[in-house]
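Enquirer: this is a predicted model, with the sequence first.
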Amino acid sequence: MLKLVRIEFTKLRRKKLLWLMLLSAFIMPFFAFLYFCYFGETGIEPVAFYKWSAFGFTMFIILPFVLGMLCTILMYNEQRFDMLKQLWIVPVSRLGYFFSKFFVVLIYSVCFMLITAIASVLFSVLPGYVVFEWDSIFFLLKKCLEIALFTAFAMLPVLAIAAVQKSYIMSVCVTLIYAFAGFFMTPINMYIHPLSCVSVIIARNGDIPGLTLPQTVHIPMALLCIFLWSFAATLFAMVILSRRK
Amino acid sequence: MNDFVIEAKQLTKIYGKQKAVNCVNLHVRKGRVYGLLGRNGAGKTTIMKLILGLTSVTSGEVAVFGQNIRGREKRVFPRIGAIIETPGFYPNLTGTENLEIFAKLRGTAAPGAVKNALEIVGLPCKDKKLFGKYSLGMKQRLGIANAILHDPELLILDEPTNGLDPIGIAEVRDFIKRLSSEQGKTILISSHILSEIALLADDIGIIDCGVLLEESSMNELKKRNSKYILLQVSDVPKTSLILEREFHTKDYSVQDEHTLRIYDTSLNMGEINKFLVMQNITVTSSGLCNDTLEDYFKKITGGEGIA
């Protein structure tokens, strides 16, 4: 599997869009910086800043959208240039193929959230809005890694759908709908959409002020939802990839 | 135990209501070049896909190296190199990088395997040109390089000379011949170009509308191709009458209003000429001819020739 993951990264050489997408990790930290700059507050609670910079739109919209785009990029060339039959006669197993792509998404997700975390610290500590504390930084890192990990799993359905599509447009549309559906489903029912479940897991201890959940927190239920969606997505991908020759 | 590297029995593939491959019995012998000849859409690629397990068999069976591929891919595929249709690669990578990916996937241990494969097909190693900017011929060459990268025992090449210039075609042909004669590789090659197959293949399978009409060795086919006397005369109906009445043969065919073919070559050509002239029939030309492979193809497919 490690070999397949390495090869997946080789396939992404010279894809400038991947680096540009990483830059979007700076969007919310920068807006948080502007927000607090506008109000001119200093000595604010680190978590209040990080809620803006990392636990808000980054978690709900930006990261899922970026990962969705990555899923499309990962699948697109092989679909468009009819490469799958070449891979199958190597042979590469369908499951190995799918999960190697998933691990790329996972690693990218971790990198993205680490950049978000670093940008959050830089935009909060350097201008003096937040006092430098190791505890708050560890908290931020821990939460960012949790977001990265669970969001990557929550994006498995998009990765499976990307295996069906031969065009960028449909995949991007699906990603947008999926990300916004997760965002809008959270107040209605938190245990239906995997991205809603990610927010449940992240806000489970109530340690992110302002991130309130409408239902009782039930972590096993959230994990089960993510697992079921991931399992269904994997099955769907296997069926689709078996037909793609 | 037989020496067939590929053996298909009653192989059938149906897409919807269309029979793409119909009860094909195909036999590719070890160390031979087998040419699968047929028009576009005859079912050549489908047969190759069926052999490689890239599409499911509707009925019948196919064995490669004596075993069914399905479920044994890991054992069988490393022994096969293949190009099916136009080979696709990653457009953002160079040819070398693309081959390195496949070398890693196959676990090709031989150092310099990529360089060697590229040299064989005449592509530069470590070139900075991206695959997306390759010409069709270069893409085809890279596909061939990928097929031979891991030194397989069996090569399945679906129209490998597509898009190549005449020199490239000759190079690939020589290379395929060498692979077979010097290294003893078994090669299944498809083409819609008859001359290609005629120059390359030891054995030939002629396919039309999904049906394998003929399977034999090229030597056998050449021997079997009928000899005939070609007559060009001023009056074909009268000549036909003379052949039947005076020479007691019906083994002839009328080609057009001035041409006849007499397949009974035991007849004395001189006698026929003499008799026809005596009957005031002008004989423009007469001679002993051999059917070309193209004629044969026309005859057995019951249609037009093939380039």
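Expert: Everything's here; your move.
Enquirer: just give me the longest helix of chain B.
Expert: helix B:166-183 (DSSP state H).
Enquirer: kindly report the same for chain A.
Expert: Chain A, longest helix under DSSP H: helix A:94-125.
Enquirer: near chain B at all, that helix?
Expert: No - contact of helix A:94-125 with chain B is not found when judged by CB under 8 Å from any CB of the partner chain; the minimum separation is 10.0 Å. C-beta: built from backbone N, CA, C; applies to glycine.
Enquirer: how many residues are close by the nearest residue to A:Pro64 once chain neighbours are set aside?
Expert: Leaving aside its chain neighbours, A:Pro64 sits nearest to A:Ala179 (3.9 Å; criterion: CB to CB, 6 or more residues apart in numbering or on different chains). Neighbourhood size, A:Ala179 [other CB atoms under 10 Å in any protein chain shown]: 25.
Enquirer: what helices and strands are in contact with the helix or strand where A:Ala179 lies?
Expert: A:Ala179 is located in helix A:168-185, with elements delineated by DSSP states H and E. Of the remaining helices and strands, those touching helix A:168-185 by 3 or more CB pairs under 8 Å, 6 or more residues apart in numbering or on different chains; DSSP states H and E are helix A:63-80, helix A:156-162, helix A:194-202.
Enquirer: what angle separates the last one from helix A:168-185?
Expert: To tie it back to what came earlier, the one meant is helix A:194-202. Per axes from the mean of the first three to the mean of the last three CA atoms, to 10 degrees, the angle that helix A:194-202 makes with helix A:168-185 is 50 degrees.
Enquirer: report the angle between the helix holding A:Ala179 and helix A:63-80.
Expert: Using the same axes, to 10 degrees: helix A:168-185 against helix A:63-80 is 150 degrees.
Enquirer: counting neighbours, what do you get for the nearest residue to A:Gly210 once chain neighbours are set aside?
Expert: Leaving aside its chain neighbours, A:Gly210 sits nearest to A:Lys51 (5.6 Å; criterion: CB to CB, 6+ apart). Look at A:Lys51: counted by other CB under 10 Å, it has 19 neighbours.
Enquirer: give me the nearest residue to A:Ile62, chain neighbours excluded.
Expert: Nearest-residue entry for A:Ile62: A:Ser24, 5.7 Å, with adjacent residues in sequence omitted and distances by CB to CB, 6+ apart.
Enquirer: nearest to B:Ser180, of the helices and strands packed on helix A:168-185?
Expert: Of all the helices and strands packed on helix A:168-185, it is helix A:63-80 that lies closest to B:Ser180, at 32.0 Å by CB to CB.
Enquirer: that older thread, turn the helices and strands packed on helix A:168-185 into JSON lines, including mean pLDDT, distance to B:Glu97 and mean neighbour count.
Expert: Below are the helices and strands packed on helix A:168-185 laid out as JSON lines (pLDDT from 0 to 100; distance: least, CB to CB, whole Å; neighbours: other CB atoms under 10 Å in any protein chain shown):
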{"stretch": "helix A:63-80", "mean pLDDT": "87", "distance to B:Glu97": "13", "mean neighbour count": "23"}
{"stretch": "helix A:156-162", "mean pLDDT": "90", "distance to B:Glu97": "23", "mean neighbour count": "25"}
{"stretch": "helix A:194-202", "mean pLDDT": "87", "distance to B:Glu97": "35", "mean neighbour count": "25"}
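Enquirer: can I get those helices in CSV with distance to A:Phe184?
Expert: Shown next, in CSV, are the helices and strands packed on helix A:168-185 (distance: least, CB to CB, whole Å):
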stretch, distance to A:Phe184
helix A:63-80, 13
helix A:156-162, 17
helix A:194-202, 9
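Enquirer: quick one on the thing from earlier: tell me the confidence at the residue nearest to A:Pro64?
Expert: Model confidence at A:Ala179, given as pLDDT, is 88.
Enquirer: hmm, it is touching A:Ser196, no?
Expert: No - A:Ala179 is not in contact with A:Ser196 according to CB atoms under 8 Å; the separation is 11.3 Å.
Enquirer: could I have the helix or strand hosting B:Gly143 exported to CSV, CA atoms only?
Expert: Taking DSSP H and E as the definition, B:Gly143 sits inside helix B:136-148. Extracted in CSV, the C-alpha atoms of helix B:136-148 (Å, rounded to 0.1, in the frame of the first residue of the first chain):
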residue,chain,number,x,y,z
LEU,B,136,0.3,10.0,-31.6
GLY,B,137,3.3,7.9,-32.8
MET,B,138,5.3,8.7,-29.7
LYS,B,139,2.4,7.8,-27.5
GLN,B,140,2.1,4.5,-29.4
ARG,B,141,5.9,3.8,-28.9
LEU,B,142,5.6,4.6,-25.2
GLY,B,143,2.7,2.1,-25.1
ILE,B,144,4.9,-0.6,-26.6
ALA,B,145,7.7,0.3,-24.2
ASN,B,146,5.3,-0.2,-21.3
ALA,B,147,4.2,-3.5,-22.7
ILE,B,148,7.8,-4.9,-22.9
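Enquirer: is that helix anywhere near chain A?
Expert: Yes - using CB under 8 Å from any CB, helix B:136-148 reaches chain A at B:Asn146.
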